[in-house]
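Undergrad: Model the structure of this input:
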Amino acid sequence: MAIGWEKEMVDLLGDDRLLLDTESRERLSKDYYWYSPVLNGKLQGKIADGIVLATDEREVALTLSFAYRHRIPVTVRGSGTGNYGQAVPLEQGLVLDLSGLDRILEIGDGYARVQCGVKLGLLDKKARELGQELRIYPSTYAKATVGGFVSGGSGGIGSITWGNLWDGNVLEAAVYTMEEIPRRRTVRGAELFDYIHNYGTTGIMTEVTIPLAPHTEWLQTVVHFDDFEACVQFGEALGHAEHVKKRLISPMEWPIPAYFKPIGKALESGAAAALLETDEASADAVAELAGQFGGRIGHRIPAAQYRKTIGLSDFTWNHTTLWALKSDPTVTYLQSGFAPDRYLEQIRQIKGRFGDEVLLHFEWIRNGGKLTPSSLPIIKYTTEERLYEIIRYFESIGVKIFDPHTWVLDNGGRGEVGSMQRRKRENDPLGLLNPGKIIYEP
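TA: Okay, the predicted model is just below:
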């Protein structure tokens, strides 16, 4: 970076908007990549030259214009709760922290329009006060921002009913281009796909409109099973049960539930467990269905206690991995999609090959409207070579892997990125936005 750029930027934005001290630069150049021992080893020491704390769109545009003129890379971040090094500046430059854009602009009938730095937990609280709620959110919702989730996430709690981000869960976004005079683009429809789960490589999102669902009284239930396969099959049956409203169906084999220390006394030792959020009126229907698969109702948290105590969603999705890491720092995880028509066969093949080296944790979701057995297995980590041997075996039996041990979108299972590459050339002609996260030629 050019000598004297710091003073020029302070003159442009003010000295309270640019952080140059080492502690701030180190802290705000990281996300939760330490979930992966592979990324943890490769991303240590990556640090920005400066941190911009933007509080409005004017400051965003000024930062992008300044960086363009000086050929400075810009990496965007929200709360930094992502797991893949999305917010790590591989080529130094500036980290643009958008958590200060935190205004809820409008909550209407069936939607919320917010600045990208609004925390999902706060938005859900405000929406519930108005008789509505978020449709989907990650297990990190208390800290995660709306923009960070849209730009770095995919699905979460609620995906059993509403699908992933691509399934109509983003309605509109305002995006800035990386040019000398940045353009503010309003994006809707299929064009949103170039900005969802893009790590801020194709544009800087500053405002998002997402759909809301009607408020539901959610009962949280743990169902215990002697047999893990029966636990997963129950999850499938509940997923298909149209008469039961649901927000979460999380089956997991023992000993994964043993990692959940805050609710350990309420869990049955040695049993597989399905962690559920279903509407309170369906309690009897859920118990009856569980019984058909040999399940028994265990711990329950009534709807009146929702958000007033630690909830079951705090032990699902990638929080399952977090609790496992707290108990055993030698584990890591994968993100995978099993085949809806032969997932039992795939479970048997994996357990027969790896035993307790691979512990299975499923999340039943809807993907493009189709009920799908998504999975975040817990892996006993020894070496990178062994990890990728496990990955190759999963793929050889038809289990799709969305690799969480790479920061490159093309390699991490994002799917088709050709459209994103074209959009990057259009919006970021010098390749300055979060360089290294998508493979393309300027």
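Undergrad: Once you drop chain neighbours, what's closest to the residue nearest in space to the middle of the chain?
TA: Taking CA atoms, centre = their mean, the centroid of the chain lies closest to G153, which sits 3.4 Å from it. Among residues not flanking G153 along the chain, P138 sits closest, at 5.4 Å (CB to CB, 6 or more residues apart in numbering). Just so you know, the C-beta spots here come from the backbone N, C-alpha and C atoms, and that holds for glycine as well.
Undergrad: Please tell me how far that neighbour sits from E288.
TA: Separation of P138 from E288 (CB to CB, to the nearest Å) stands at 31 Å.
Undergrad: And those two? Which one has more around it.
TA: The residue with more neighbours, out of P138 and E288, is P138; 25 against 10, by other CB atoms under 10 Å.
Undergrad: Strands of the stretch 201-350 of the chain, residue ranges please.
TA: With DSSP state E, counting those that start in this stretch, the ranges of strands along the stretch 201-350 of the chain come out as 204-214, 218-225, 246-252, 272-279, 296-301, 331-333, 336-337.
Undergrad: Quick one: closest of these to R423.
TA: strand 204-214 (12.7 Å; CB to CB).
Undergrad: what mean pLDDT does the closest one have?
TA: Regarding strand 204-214, the rounded mean pLDDT is 98.
Undergrad: Span of stretch 426-440 from start to end?
TA: By CA to CA, to the nearest Å, the extent of stretch 426-440 from end to end equals 12 Å.
Undergrad: Likewise for stretch 187-199?
TA: Separation of the first and last residues of stretch 187-199 by CA to CA is 16 Å.
Undergrad: got a list of contacts for it?
TA: Outside stretch 187-199, the residues within contact range by CB atoms under 8 Å, 6 or more residues apart in numbering are 84, 86, 150-154, 165-166, 170-175, 202-203, 205, 409, 414, 419-420, 423, 434, 437-438.
Undergrad: at 7 Å instead, please
TA: 86, 150-154, 165-166, 170, 172-173, 175, 202-203, 205, 409, 414, 419-420, 423, 434, 437 (CB atoms under 7 Å, 6 or more residues apart in numbering).
Undergrad: do stretch 143-155 as well
TA: 78-79, 81-82, 86, 98-99, 114, 116-120, 123, 136-138, 164-165, 170, 196-200, 205, 208, 210, 365.
Undergrad: now E395, nearest residue through space, not along the chain?
TA: I401 (5.8 Å).
Undergrad: where's that neighbour relative to R77, distance?
TA: 26 Å.
Undergrad: I'd say I210 and G168 touch.
TA: No: with contact defined as CB atoms under 7 Å, I210 does not reach G168; the gap is 9.9 Å.
Undergrad: higher neighbour count, these two?
TA: Each of I210 and G168 has its neighbours counted (other CB under 10 Å); I210 has more, 25 against 13.
Undergrad: Next one: the more buried one from L134, what distance?
TA: 8 Å.
Undergrad: Same check on G355?
TA: 38 Å.
Undergrad: Tell me which of those two has more neighbours.
TA: L134 (26 against 10).
Undergrad: How about that one, nearest residue that isn't a chain neighbour?
TA: D124 (4.6 Å).
Undergrad: isn't the one you found right up against E133?
TA: Yes: contact criterion CB under 7 Å: D124 and E133 qualify, at 5.8 Å.
Undergrad: show me what contacts D410?
TA: Residues in contact with D410 (CB under 7 Å, 6+ apart) are 417, 438-439.
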